[in-house]
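> I would like the atomic coordinates for the input below:
(chains A, B, C and D)
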There are 2 protein chains.
Amino acid sequence: MAPSSKVTILDIARITGLSKGTVDRVLHNRGEVSKKSYEKVMAVIREKGYQPNPHAALLAKGKEKVIALLLPSHTKGTYWDLATSGLCRAEAEVEPLGVRTVNFSYDQYNPLSFRDTCRELLESRPHGVVIAPMYKEETLSFTAQLSELGIPYVFIDSKLDTEDYLAYFGIPSYKSGFLCADMLCRREKVTDVLIVRIRRDKHQQSDPTVERRAGFLDYMREHIPDCTVRSLFIDPSDAAETDAVLEAFFQEFPQVRHIAMFNSRVHLLVPFLERHPEKDFRLIGFDNLEANIAALVRGTVDMLIAQHPDEQVRGAVQTLAEYIVLHRKPARKDNFMHMDLLTRYNAEDY
Amino acid sequence: MAPSSKVTILDIARITGLSKGTVDRVLHNRGEVSKKSYEKVMAVIREKGYQPNPHAALLAKGKEKVIALLLPSHTKGTYWDLATSGLCRAEAEVEPLGVRTVNFSYDQYNPLSFRDTCRELLESRPHGVVIAPMYKEETLSFTAQLSELGIPYVFIDSKLDTEDYLAYFGIPSYKSGFLCADMLCRREKVTDVLIVRIRRDKHQQSDPTVERRAGFLDYMREHIPDCTVRSLFIDPSDAAETDAVLEAFFQEFPQVRHIAMFNSRVHLLVPFLERHPEKDFRLIGFDNLEANIAALVRGTVDMLIAQHPDEQVRGAVQTLAEYIVLHRKPARKDNFMHMDLLTRYNAEDY
DNA sequence: CGATTTTCCGTGCACGTGCACGGAAAATCT
DNA sequence: AGATTTTCCGTGCACGTGCACGGAAAATCG
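The predicted structure is shown next:
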């Protein structure tokens, strides 16, 4: 017999001469089966290739599974807001599998909030978890608890070196920095580059921007060793100070035209840049926030590298759902996603 | 009562004082129900918001639905081969919905083959169809037949102006030509450009490359009006002739360094280009074929615009399956997908 | 040996829907 | 009026699995 998917539990019962109850016990190996019967059933399963019918299973047990999402709170217009659309699609896709999602969002600048949210999440006893890790230590202890409870989890955005995560969805951070440099400097003579960074809490240790910067700097060393690279720090919550810092910098270094950022706050520079159109700045940064796209289309931003958090969330939820319900292992553990290059001419279709 | 999804047919039967059989007849409006009963059931449904349980339905009727794919035959290494991975993923995703896919591939250079395949497909009476239209007239008569039979269909790659397609997945062709020009010419002084085209059958009337060329030329007219644009035709099946044609051209116009192609056969130029590294050509073209990616990574090809047929197929199958099984209408009819820009630094992760 | 525990297994109901069958009530006909 | 058709509706089984319950057979004990 070809291992067709038409083999039912009852078929196996008939063939082995046992009852469906016994076959069921073997399939879910919950004991109370003699060795002889166990072997007999297993032999038939191996030969005929039994595939459980997910509909019947779902219908029988009825209870829906729930996937918890542990993400930074997605205020409108911020990076994590981009994930929402993907989440909606994912919800629609896994709904027929009897899976529901629940949001647990935390303040990404507050490690205490992260820890509290973790506890809350654990108490809800979900069947699977999607994590965007921001704090290394806290995440590690959290995933340890998940493992102990046998709850599978998937990383998105960045990952940690735990061994038992089910999958990871994100872009290769180091390479994205490399790409960023190439896009800024190819076909142009560049002698002076500015990197604008976010002044932030030191607590945050699991940050892809660190690796991006490393990739960027390696590219520069390799391809344009005599180019000067300078850094500047801004405060994301203080627009006036940002402007002042930029003014002061370009007063001192008027020859600098090329600017790179390794996060999604590109739009913070836009007011300044648009007050100085004569300088013909070239700014490149990350992520397709609405404000960034708008500046891109206006020409103020030269290029964006998008990492599509919506696709990451969607992939994560889908993978987790299939694993929980159908016991299907993901094809790849590490799913590195496209780094999309956005210019004013291909940004409209997101 | 909130319109929770816990309302079953039996609930409705109890409330209306009728039996589940009658409710069932109303739900599938297959008659044999008095007006009074009909209205009573409908009222309850409107108020309580009945949502059928797809598992029970699928389990009960058992029979699987089938989606037919009408695509050009995807020989290994060609454009349509790229769709295969997306098809596999789609198959896995819709399998729990009880949907199967069947391939009907045709020779894209032979309209007769297209017509024959259409007939064959129709005879198999699928529940839904995915079409990549290559021949306009033939496709129109085909979709007309589908409409008559009440079979929903989805376009991918390019679409026709029929009104009753369920959805479309593809990239905006005109804009992709525009983008192509910008990527070739931004930040560089370009005075002379070559467009390499495929000499092909005149029958083919539904070809996105036409619109891409239009977008490209419009960009040039708009931004670099004094740039000369030349054209060249090659035969995709004759490598020797291709080389000869190219040699002759660049003998005559040695100043040309920038080359654009609006299809996936970029790799056909690679042997010639790699014999002349001293010329420092800049070639830009379409689609992430393995051969193209390899040349991109080597630096022979400067950039590729990828349209990800795998995602198109996946979206098409998914949409169709949800429509057939769950009667869920797609969120958008026209789904314009990303145009991905590929360079040597972001091509590896496909 | 009989009594009791343990091991093992079969039976039967539930999940929610689709659909065929047959039968009661109403409408029409003779 | 009774006989016949039409309209309408309820009942019951099937789909494949999960799981609880109870009971037979085997093993252990006194």
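> hey, let's count contacts and neighbours off CA atoms from now on
Will do.
> quick one: the longest helix anywhere in chain A to chain centroid distance?
For chain A, the helix with the greatest residue count under DSSP state H is helix A:309-326. Distance of helix A:309-326 from its chain centroid, counting by C-alpha atoms, centre = their mean, to the nearest Å, is 11 Å.
> same deal with stretch A:211-222?
Remark: stretch A:211-222 is offset 22 Å from the chain centroid, using C-alpha atoms, centre = their mean.
> only C-alpha atoms, please: export that stretch in PDB.
What follows is stretch A:211-222, C-alpha atoms only, in PDB (Å, rounded to 0.1, in the frame of the first residue of the first chain):
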ATOM      1  CA  GLU A 211      25.700  44.100  14.700                       C
ATOM      2  CA  ARG A 212      24.500  46.400  11.900                       C
ATOM      3  CA  ARG A 213      27.100  49.000  12.900                       C
ATOM      4  CA  ALA A 214      29.800  46.300  12.900                       C
ATOM      5  CA  GLY A 215      28.900  45.300   9.400                       C
ATOM      6  CA  PHE A 216      28.800  48.900   8.200                       C
ATOM      7  CA  LEU A 217      32.300  49.600   9.700                       C
ATOM      8  CA  ASP A 218      33.800  46.500   8.200                       C
ATOM      9  CA  TYR A 219      32.500  47.400   4.800                       C
ATOM     10  CA  MET A 220      34.100  50.800   5.100                       C
ATOM     11  CA  ARG A 221      37.400  49.500   6.300                       C
ATOM     12  CA  GLU A 222      37.400  47.000   3.500                       C
END
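> that one close to chain B?
No - residues of stretch A:211-222 contacting chain B under C-alpha under 8 Å from any C-alpha of the partner chain: none, with a closest distance of 10.8 Å.
> how about that stretch: buried residues?
For stretch A:211-222, a neighbour-count test (16 or more other C-alpha atoms under 10 Å in any protein chain shown) marks A:211-220 as buried.
> give me every residue that touches whatever residue of the stretch 101-250 of chain A ends up closest to DNA strand D.
Closest residue of the stretch 101-250 of chain A to DNA strand D, C-alpha to the nearest atom of the strand: A:His127 (14.0 Å). Listed by C-alpha atoms under 8 Å, 6 or more residues apart in numbering or on different chains, the contact partners of A:His127 are A:65-68, A:151-152, A:324.
> how near is the nearest residue to A:Thr191 once chain neighbours are set aside to A:Arg221?
Among residues not flanking A:Thr191 along the chain, A:Cys227 sits closest, at 4.4 Å (C-alpha to C-alpha, 6 or more residues apart in numbering or on different chains). Here A:Cys227 is placed at a distance of 8 Å from A:Arg221 (C-alpha to C-alpha, to the nearest Å).
> what packs against the longest helix of chain A?
Secondary-structure packing of helix A:309-326 (3 or more C-alpha pairs under 8 Å, 6 or more residues apart in numbering or on different chains; DSSP states H and E): strand A:65-72, helix A:83-94, strand A:128-131, strand A:153-156, strand A:167-170.
> next one: it, is it in contact with DNA strand D?
No - using C-alpha under 7 Å from any atom of the strand, we find that helix A:309-326 stays clear of DNA strand D, coming within 9.6 Å at best.
> hmm, who's touching that helix?
Under C-alpha under 8 Å, 6+ apart, the answer for helix A:309-326 is A:54, A:65, A:67, A:80, A:82-87, A:89-90, A:93-94, A:97, A:99, A:127-130, A:152-157, A:166-170, A:328-330, A:337.
> just the buried residues out of those, in PyMOL syntax.
Entered in PyMOL, the line below selects the buried ones among the contacts of helix A:309-326, by 16+ other C-alpha under 10 Å:
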select buried, chain A and resi 54+65+67+80+82+83+84+86+87+89+90+93+94+97+99+127+128+129+130+152+153+154+155+156+157+166+167+168+169+170+330+337
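> A:Thr162 contacts A:Leu140, doesn't it?
Yes - contact criterion C-alpha atoms under 8 Å: A:Thr162 and A:Leu140 qualify, at 7.5 Å.
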